[in-house]
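In: One predicted model, sequence on top.
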Amino acid sequence: MGAMKWLVFLVFLNIYSPAAAQSGIQVSVFSTTSKTVILRWSAYSGAASYKVSAALSSSPNDAIAFVMFGPNTVMGSISSLSQDVAYTFTVEALSANQTVLGSGSTKTSTAPDMMDPIRTVKPKDSRTLMADFNPKTGATSYVIRVENTNGFFREDSVSSSPAEIKYLNPYTEYQLSIMAVNDAGRSQPSSHVAEKTLLPPPQLSTSSPSNDSIIVTWPPVSDAVRYTVFMYKFGSDTQEKYNTTNTTLTVTGLDAGSLYVIKSLAWDPEGREGEESLYVNQTTRPPTPSSVSVSVVRSNSLAGLAVSWELSQDVYGTVDYHVTSDQNKNLKCNSTSSSCTLPPVGCGEVHTVYVTASNEAGPSHPSSPVVFITFPCPPESLTLVESSEGNCTLTWNTVPYADGYEAFVKKGDGSEATCNSTSNNCTYQCQCGYTYLMSVLAYNLAGSSPEGTILNYTTVPCCPESVSVSAVSADTLEITWTASRGAELYQTRAADNSEVVLCNDTAPVCALSDLSCDSSYTVSITPCNEISGCNHACKSHTKDTAPCMPTDLVLDPKNSSVVSVSWKPNNRAANYTVSAESHSEYGKNGGRTCTTSGNSCDITDLPCGSSFEFSVMATGGAGRSLPSFSTFLETDPCCPVNLTVDQVTQAMSNVSWSHAKAAQSFITSLTSLHGHARCHTQDSHCLMGCITCGTNYTVTVETFSITGRATNCTYQGFSSSPCCPSGIKLYMLASNSLRVYWRSTASSRRTTVEMLGTSSNYTCTASPGENSCNVENIQCGDVYWLVVAPLTAEGSKIPFCPYRLYSVTCLGSNIGTVIYRGKRSVD
Ligand SMILES: *[C@@H]1O[C@H](CO)[C@@H](O)[C@H](O)[C@H]1NC(C)=O
Ligand SMILES: *[C@@H]1O[C@H](CO)[C@@H](O)[C@H](O)[C@H]1NC(C)=O
Ligand SMILES: *[C@@H]1O[C@H](CO)[C@@H](O)[C@H](O)[C@H]1NC(C)=O
Ligand SMILES: *[C@@H]1O[C@H](CO)[C@@H](O)[C@H](O)[C@H]1NC(C)=O
Ligand SMILES: *[C@@H]1O[C@H](CO)[C@@H](O)[C@H](O)[C@H]1NC(C)=O
Ligand SMILES: *[C@@H]1O[C@H](CO)[C@@H](O)[C@H](O)[C@H]1NC(C)=O
Ligand SMILES: *[C@@H]1O[C@H](CO)[C@@H](O)[C@H](O)[C@H]1NC(C)=O
Ligand SMILES: *[C@@H]1O[C@H](CO)[C@@H](O)[C@H](O)[C@H]1NC(C)=O
Ligand SMILES: *[C@@H]1O[C@H](CO)[C@@H](O)[C@H](O)[C@H]1NC(C)=O
Ligand SMILES: *[C@@H]1O[C@H](CO)[C@@H](O)[C@H](O)[C@H]1NC(C)=O
Ligand SMILES: *[C@@H]1O[C@H](CO)[C@@H](O)[C@H](O)[C@H]1NC(C)=O
Ligand SMILES: *[C@@H]1O[C@H](CO)[C@@H](O)[C@H](O)[C@H]1NC(C)=O
C-alpha cells in the first residue's frame with residue numbers, strides 16, 4: 001500500500017510540473033530498471049501515435065529500439081535494455097500520415113542489476129537494524145526495502161554498507177532486501193533477510209524513598225522475560241548489576257546524598273539483551289541533619305530562632321535545609337548552609353524544631369526534634385506595695401517558662417537598682433517621697449523577655465521629722481516640724497476621746513486651738529501629695545493640754561490667820577497651788593501659798609491687817625492652768641505689838657500702844673477687881689484712871705479696821721506699881737548715919753531710899769519685907785530731897801512717890817539736926 005502511494009505521488013508531480021518546452025514534447029523518466037525504462041511525456045494535440053525510441057547516449061541518433069503507443073497514451077515503457085547504460089530516449093508525436101508533429105527527448109541510464117542479498121542484518125537497538133551488504137559497482141546508492149508480515153513496507157535509501165535502518169518498531173521481525181540505484185533507476189530487490197529488532201529499553205523511573213535506598217521502576221516491556229539494572233555510584237568504577245523479573249527494583253544500603261547512575265535493559269525470550277536505557281541519575285536522599293542547636297537572635301526589636309546544624313560531608317549536589325517549628329506551621333526557613341533563622345518568634349513559646357535536608361531526591365528524615373522554649377513574656381500587672389518602712393514589694397504575674405525575674409528600679413534621683421527573684425515578687429529598699437519607675441524582665445535560658453510595662457509609682461511622702469508639739473496656751477497646741485520630702489500638704493490632726501481637730505496646710509507648722517483642757521491629744525501629722533496619697537504610717541505624738549482652770553473658789557477662814565480654800569475638782573490629776581497675794585493697798589507683805597493634789601488646802605500664817613487675793617492654779621505634767629478667778633479676803637486688823645501702861649500717879653495710868661496694822665480705832669479696857677476703865681480712840685494712847693497702886697489688872701485692846709473688822713487683843717496682866725510708903729521717919733545714928741523708917745507695906749519688892757543733895761547723893765535699899773534702911777556718912781550742912789520708893793520688878797524706882805525736903809545741919813563736923821521742910825509731889 002505504501003508503494004502505491006509513492007507512485008501516485010510521482011504521477012501527480014509530473015502532471016503539474018511546468019512544461020519544459022512549448023514547441024516539443026516534454027519527456028520525463030518515470031522509472032528505470034536494469035532492463036526497462038518507463039517514460040512519460042506530454043500529450044501532443046493532434047498526435048495520432050507516439051513513437052518512443054532509445055539510442056545510446058554516446059550515439060544518440062542511432063536508435064537501437066523503439067516502441068509505438070496510441071494517441072491516448074502518455075506513458076510507456078521500453079524494455080530489453082542493458083543494465084547501467086546511458087540512453088537517450090526520444091518521443092515523437094506522429095500524425096496519421098506518420099509525419100512527426102513534435103518530439104522531445106530525455107536522457108537516462110538503465111538501473112543496475114539485482115544485487116546479492118544483504119550479507120548480515122544485526123539489531124543495533126530496539127528501533128534500528130544494521131545491514132551489511134556487498135556494494136555493487138556502478139550503483140550510486142542503494143535502497144533497502146524493509147517489510148514485514150504486518151504490512152510494513154518501507155524503502156530506505158542508503159549510501160554505503162553498513163547501513164542503519166532506523167525508526168523500526170521494537171522487537172519486530174523485518175525482512176530486508178536491497179536494491180542498487182544509479183542515475184537511471186534501481187535494480188530489482190535482492191532476496192530478503194529477516195531480523196528482529198531488540199527489546200526497547202525499559203523506561204526507568206527512579207526515586208529515593210530514603211537516604212540509603214533507591215527504587216527503580218519501569219513499565220513492563222512486552223516480550224521481556226527479565227531485566228538487568230546497572231547501577232554505579234558517580235565517581236566510582238564499580239558497577240552493580242541486578243537481575244530481576246519484576247518491574248520494580250529496590251536497592252538498599254546505599255550512601256546517603258550520593259548520585260547513582262542507573263540504566264537497564266530487558267532480555268527477550270531469545271536471550272538477547274534489549275536496548276539499554278539511557279543513564280538515569282538518581283540521588284539518594286540527604287543524610288538526616290545532626291547536631292541541631294537553637295538559640296535566640298535579636299535584631300532590632302524582633303527575635304528569631306537561629307537554628308544551626310552540622311553540614312553533611314561528601315554529599316552530591318545541592319542540599320537545601322528546611323527548618324520548621326511545629327508550634328506554628330508558617331514558621332520555617334530554608335538554607336543551603338549550616339544555619340538559618342526562623343522568622344520572628346514571640347515570647348513564651350515552645351517550639352519543637354526539626355531540620356530536614358532536602359535534595360532533588362526529596363527530603364531526608366527530619367532531625368530529632370529540638371524542643372526550644374523561647375524567652376518568657378514580660379510579666380504584667382505590676383503592682384507595688386509599700387510593705388513596711390523602707391521596704392517596697394513589687395509584685396507581678398508570673399509568666400510561663402520563666403526561670404527568674406529581674407526587676408529594674410529607677411529612683412527619681414537617678415540611681416538604679418535591680419532586684420532578683422524567682423517568684424512573683426521582690427522587695428527592695430525604697431524611700432519615702434520618691435518616684436520610682438519599675439519594670440520586670442523574666443528570663444530563662446533563651447534570654448530575657450522584652451521590656452514590659454513600666455510601673456510609675458510614687459512612694460508616700462516622708463514622715464515629718466523634728467516634730468515639736470508645744471502648748472502655747474491652755475487650749476492651743478502649736479506643732480512644728482521640718483518639711484518632708486514628697487509632701488505637698490500636711491493634714492494635722494489632734495484627737496482626744498471626744499473630739500477631733502484638723503488643720504490642712506502646706507506649711508510645716510500648724511496651731512490647733514480651742515482644745516479641751518486637761519486632755520490627752522494624739523497629734524498626728526499626715527503628709528500627703530496628689531499622686532501617692534497620704535502617709536498614714538507616721539508616728540503620732542501625744543500631748544496633754546494644760547490642766548483646766550479651777551473654778552468655784554470657796555474661802556473658809558478657820559481663824560484669823562488660817563483660811564481653808566476649796567474649789568471644784570475638774571482635772572484628772574493635778575497639783576493645785578493656792579496663792580494668796582497681799583493687796584497692795586496695805587503694803588507688801590509677801591504671798592502665801594499652799595499646794596495640794598486634792599481640792600482644798602489651808603493658807604496659814606495670814607498676817608493681820610492685810611487684804612489677800614486668792615486664786616488657784618492647777619499644775620500638771622502638761623503645764624499650768626490659767627489661775628482661777630480671784631476672791632479677795634481681808635484679815636482682821638492687827639493688835640498693837642507693844643502696849644505700855646505708865647502709871648502717871650498712884651491713881652492714873654497712861655496706856656499707849658504701838659501701831660497696829662489696819663486698825664483705825666481702838667477700844668482699850670483696863671479691868672481689875674477694883675474697877676474698870678475704857679477708852680475709845682483713834683489715837684495710840686489713852687489716859688485712864690481708876691487704877692490704884694498695888695493692884696493687878698488686865699488690859700485689852702479691841703482694834704477696828706475701816707470695814708469694821710475687829711480683833712481682840714489681850715495682853716499680859718499688868719500690876720500697878722507698889723504704893724509709895726507712908727509714915728516716913730528719920731532717926732539719927734552715930735557716925736553721921738541716918739536711919740529711914742516707913743510704915744511697913746508688906747511689899748514683896750525692895751524699897752529704895754534716895755537722898756539727893758546739892759553736892760552728893762545717897763541711897764540705901766531695904767530688902768522686901770523690911771521697912772527701914774540706913775544712909776551712911778551723910779554730908780552735913782546740906783539740903784536733901786529724900787524719896788522712899790519701892791523698886792519695880794525690873795529694879796527701877798517708882799517715879800511718882802513724893803519727895804521730902806530735909807535740911808541737915810552740922811554740929812561740928814557731925815550732923816547737928818535734921819529738919820523736915822515739906823514735900824513735893826511728882827511732876
Ligand atoms: C500529411 O498530412 C499533413 C496534415 O495532416 C499534411 O500537411 C501533409 O501534407 C500530408 N503529407 C502527405 C504526403 O500527404
Ligand atoms: C544476570 O543474568 C545474566 C544472564 O543470565 C548473567 O550472565 C548474570 O551473571 C546475572 N547477573 C546476576 C547478578 O545474577
Ligand atoms: C515485584 O516486586 C514487588 C515489590 O517488591 C512485589 O510486591 C512483587 O510481588 C514482585 N513481583 C514479582 C513477580 O516478583
Ligand atoms: C548525570 O549526572 C552526571 C554528573 O553530574 C552528568 O554529567 C550527567 O549528564 C547526568 N545525566 C543525566 C541524564 O542527567
Ligand atoms: C523553602 O523551601 C520549600 C521547598 O523548596 C518551599 O516550598 C518554601 O516556600 C521555601 N520557604 C522559604 C521561606 O523560602
Ligand atoms: C524590711 O524592713 C525591715 C525593717 O525596716 C528590715 O529589717 C528588713 O530587712 C526589710 N526586708 C527586706 C526584704 O528588705
Ligand atoms: C540579679 O541577677 C542578675 C543576673 O543574674 C545579676 O547580674 C544581678 O547582679 C543580680 N542583682 C542582684 C541585686 O542580685
Ligand atoms: C513573695 O514571694 C514569696 C516567695 O519568695 C512567697 O512566699 C510570697 O507569698 C510572695 N508574696 C506575695 C505577696 O505574693
Ligand atoms: C511618672 O508619673 C509622674 C506623675 O504622674 C509624671 O510626672 C512622670 O512624668 C511619670 N514618669 C514617667 C516616666 O512616665
Ligand atoms: C484636709 O484635707 C483632706 C484631704 O485633702 C480633706 O478630706 C479634709 O476634709 C481636709 N480637712 C480640713 C479641715 O480642711
Ligand atoms: C504633784 O507634786 C508631786 C510632788 O512634787 C509630784 O510627785 C506629783 O507628780 C505631782 N502630780 C502631778 C499630777 O503633777
Ligand atoms: C515694843 O517695845 C520694845 C521694848 O520696849 C521695843 O524694843 C520695840 O521697838 C517696841 N515695838 C514697837 C512696835 O513699838
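Out: Structure's in. What do you need? Ligands and ions are numbered 1, 2, ... in the order given.
In: List the contacts of stretch 505-512.
Out: Applying C-beta atoms under 8 Å, 6 or more residues apart in numbering, the contact partners of stretch 505-512 are 464, 472, 476-484, 488-490, 492, 494, 501, 503, 521, 523, 525. All C-beta spots, glycine's among them, are computed from the backbone N, C-alpha and C.
In: Just the ones of those in strands?
Out: Among these, the ones falling in strands (DSSP state E) are 472, 476-482, 489-490, 492, 494, 501, 503, 521, 523, 525.
In: Quick check on the contacts of stretch 505-512: which are buried?
Out: 464, 477, 479-481, 483-484, 490, 492, 494, 501, 503, 521, 523, 525 (16 or more other C-beta atoms under 10 Å).
In: Which parts of this structure are helices?
Out: 2-16 (DSSP state H).
In: which stretches of it aren't confidently modelled?
Out: 1-23, 184, 389, 583-590, 690-691, 745-746, 825-827 (pLDDT under 70).
In: which residues touch the residue in it that ligand 7 sits nearest to?
Out: Here the chain gets closest to ligand 7 at one residue, residue 420, 3.6 Å apart by C-beta to the nearest ligand atom. Counting by C-beta under 8 Å, 6+ apart, residue 420 touches 404-407, 426.
In: Please apply the same query to residue 757.
Out: Residues near residue 757 by C-beta under 8 Å, 6+ apart: 779, 782-785.
In: now residue 221
Out: Counting by C-beta under 8 Å, 6+ apart, residue 221 makes contact with 199-202, 227, 266, 274.
In: switch the cut-off to 6 Å
Out: By C-beta atoms under 6 Å, 6 or more residues apart in numbering, the contact set of residue 221 is 199-200, 202, 266.
In: Quick check: residues of this protein near ligand 8?
Out: Residues of the chain that fall close to ligand 8, judged by C-beta under 6 Å from any ligand atom: 395, 423-425.
In: between the residues you listed, which is closest to ligand 5?
Out: Nearest to ligand 5 among these, counting by C-beta to the nearest ligand atom, is residue 424 at 39.5 Å.
In: Give the burial count for the closest one, as a bare number.
Out: Using other C-beta atoms under 10 Å, residue 424 has 16 neighbouring residues.
In: Kindly report the same for residue 709.
Out: 18.
In: the strands in the stretch 601-750 of the chain, which residues?
Out: 611-620, 623-624, 631-634, 643-647, 652-657, 665-672, 675-681, 685-689, 696-704, 710-714, 718-719, 729-733, 737-741 (DSSP state E, counting those that start in this stretch).
In: can you tell me which of these comes nearest to ligand 9?
Out: Proximity to ligand 9, assessed across the strands of the stretch 601-750 of the chain by C-beta to the nearest ligand atom, is greatest for strand 623-624 (44.7 Å).
In: What residue in the chain comes nearest to ligand 2?
Out: Across the chain, the shortest distance to ligand 2 (C-beta to the nearest ligand atom) belongs to residue 243, at 3.6 Å.
In: could the contacts of residue 221 go into a markdown table alongside distance to ligand 12?
Out: Listed next are the contacts of residue 221 as a markdown table, based on distance: C-beta to the nearest ligand atom, whole Å:
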| residue | distance to ligand 12 |
| --- | --- |
| 199 | 177 |
| 200 | 175 |
| 202 | 169 |
| 266 | 174 |
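In: residue contacts, the residue nearest to residue 661 when sequence neighbours are not counted?
Out: Leaving aside its sequence neighbours, residue 661 sits nearest to residue 609 (C-beta to C-beta, 6 or more residues apart in numbering; 3.2 Å). Each residue near residue 609 by C-beta under 6 Å, 6+ apart is listed here: 637-638, 661-662.
In: ok, now how distant is residue 609 from ligand 11?
Out: From residue 609 across to ligand 11, the span is 33 Å (C-beta to the nearest ligand atom, to the nearest Å).
In: which phi and psi does that residue have?
Out: Per-residue torsions, residue 609: phi 70, psi 30 (degrees, to the nearest 10).
In: Tell me which residues of stretch 51-67 come out buried.
Out: For stretch 51-67, a neighbour-count test (16+ other C-beta under 10 Å) marks 51-56, 60, 63, 67 as buried.
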